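Student: Fold the following, please.
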Amino acid sequence: MDASYRRSGAGGGGGSAPRTVEDIFKDYRARRNAIHRALTHDVEEFYAQCDPEKENLCLYGYANEAWEVALPAEEVPTELPEPALGINFARDGMKRSDWLALVAVHSDSWLVSVAFYYAARLTRNDRKRLFGMMNDLPTVYEVISGMRQSKERDRSGGIDNSGRNKLPSKHTVEAPPPPRAENNARDADEGYDEDDGDHSETLCGTCGGIYSAEEFWIGCDVCERWYHGKCVKITPAKAESIKQYKCPSCSSKRPRQ
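Tutor: Numbers count the residues shown, from 1 in each chain. Purely as a prediction, here's the structure:
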């Protein structure tokens, strides 16, 4: 994809740069979702594209929630801050989980830099509000490394959450008793560790948001990940008529020949 595609936000707003706190946060969240998906659901494809034999590669997340591994922009200075350069070079010299975590750290830094590039003309209070909204979401690194789950376990102390840890066998039209959050440093297609009794929050497989009993969630019957109904465009009424729910990621996978 060329530089003009990147400058336009990849379909995230008709080519105009976000200007309000809400629009900048929407752009940040969409780009973050793209990076999150590249490092979790699409991790095999992402890993394959980061060939160390290729030139300096970057991981881009776009405002339409698409991601791309590509060469950096040629113009200097670039119109938008650029992500970390050469993420592919360290791929084969590190443990896979450590490499993904490193990419996540650099990606988080890039996401913040893009957001505050757009926020340059905001007032002090608006920038503070924007950062608060961004900080309410777990970083990509927290999701990849499992740090968010560890922090929440530390805060909960000895509270018995056993009543929240059972996985229903089917998707549900009610807010599900959440399973533990998946450790996304593993391969995206690995299942849950059924022997691990120390569970924590469920994270939405699309936006990475934390489980809330006040929202409708639906579980994929194939990969067993959980999603906000609104993130996968499923309503409680629609879920009633679904015998077996497949998430967008599982639905797009072709069966092996």
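Student: mind giving me the domain ranges of this protein?
Tutor: 3-147, 159-257 (automatic domain parsing).
Student: so what's the residue nearest the centre of the chain up against?
Tutor: In the chain, the centroid-proximal residue (Cα atoms, centre = their mean) is residue 36; its distance is 2.6 Å. When contacts are counted by Cβ atoms under 8 Å, 6 or more residues apart in numbering, residue 36 touches 140, 143, 207, 208. Using the backbone N, CA and C atoms, a C-beta is placed for each residue, glycine as well.
Student: if you set the cut-off to 7 Å instead, what comes out?
Tutor: 140, 143, 208 (Cβ atoms under 7 Å, 6 or more residues apart in numbering).
Student: number of nearby residues for the second one?
Tutor: If I follow you right, that is residue 143. By other Cβ atoms under 10 Å, 25 other residues sit near residue 143.
Student: Output the contacting helices and strands for the helix or strand hosting it.
Tutor: Per DSSP states H and E: residue 143 is located in helix 140-145. Using 3 or more Cβ pairs under 7 Å, 6 or more residues apart in numbering; DSSP states H and E as the contact test, the elements touching helix 140-145 are helix 21-39, helix 96-118.
Student: Any idea which of these gets closest to residue 240?
Tutor: When the helices and strands packed on helix 140-145 are compared by Cβ to Cβ, helix 21-39 sits nearest residue 240, at 27.2 Å.
Student: and that closest one, which residues are buried?
Tutor: 21, 23-39 (16 or more other Cβ atoms under 10 Å).
Student: How about stretch 231-249?
Tutor: Neighbour count says stretch 231-249 has 231, 232, 234, 239, 245, 246, 247, 249 buried, by 16+ other Cβ under 10 Å.
Student: ok, residues contacting that stretch?
Tutor: Contacts for stretch 231-249 (Cβ under 7 Å, 6+ apart): 41, 171, 173, 204-207, 216, 218, 220-223, 225, 227, 229.
Student: Please apply the same query to stretch 38-51.
Tutor: Residues contacting stretch 38-51 (Cβ under 7 Å, 6+ apart): 57, 59, 67, 69, 87-88, 91, 100, 103-104, 140, 144, 184, 187-188, 205, 249.
Student: same check, this time on stretch 83-97
Tutor: 50-52, 54, 56-60, 72, 99, 102-103, 106-107, 110, 185.
Student: now with 8 Å?
Tutor: Stretch 83-97 has contacts (Cβ under 8 Å, 6+ apart) with 47, 50-52, 54, 56-60, 69, 72, 99, 102-103, 106-107, 109-110, 185-186.
Student: Just the terminal-to-terminal distance for that stretch.
Tutor: 20 Å (Cα to Cα, to the nearest Å).
Student: ok, now how distant is residue 35 from residue 131?
Tutor: For residue 35, the distance to residue 131 equals 18 Å [Cβ to Cβ, to the nearest Å].
Student: Same list (the buried residues of stretch 231-249) but as TSV, adding distance to residue 136 and pLDDT.
Tutor: Output for the buried residues of stretch 231-249, formatted as TSV (distance: Cβ to Cβ, whole Å; pLDDT from 0 to 100):
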residue	distance to residue 136	pLDDT
231	16	85
232	21	87
234	24	89
239	27	84
245	28	88
246	30	86
247	24	86
249	25	80
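Student: Now, those that are in strands?
Tutor: Using DSSP state E, no member of those sits in strands.
Student: Identify those among the residues you listed that sit within helices.
Tutor: 239, 249 (DSSP state H).
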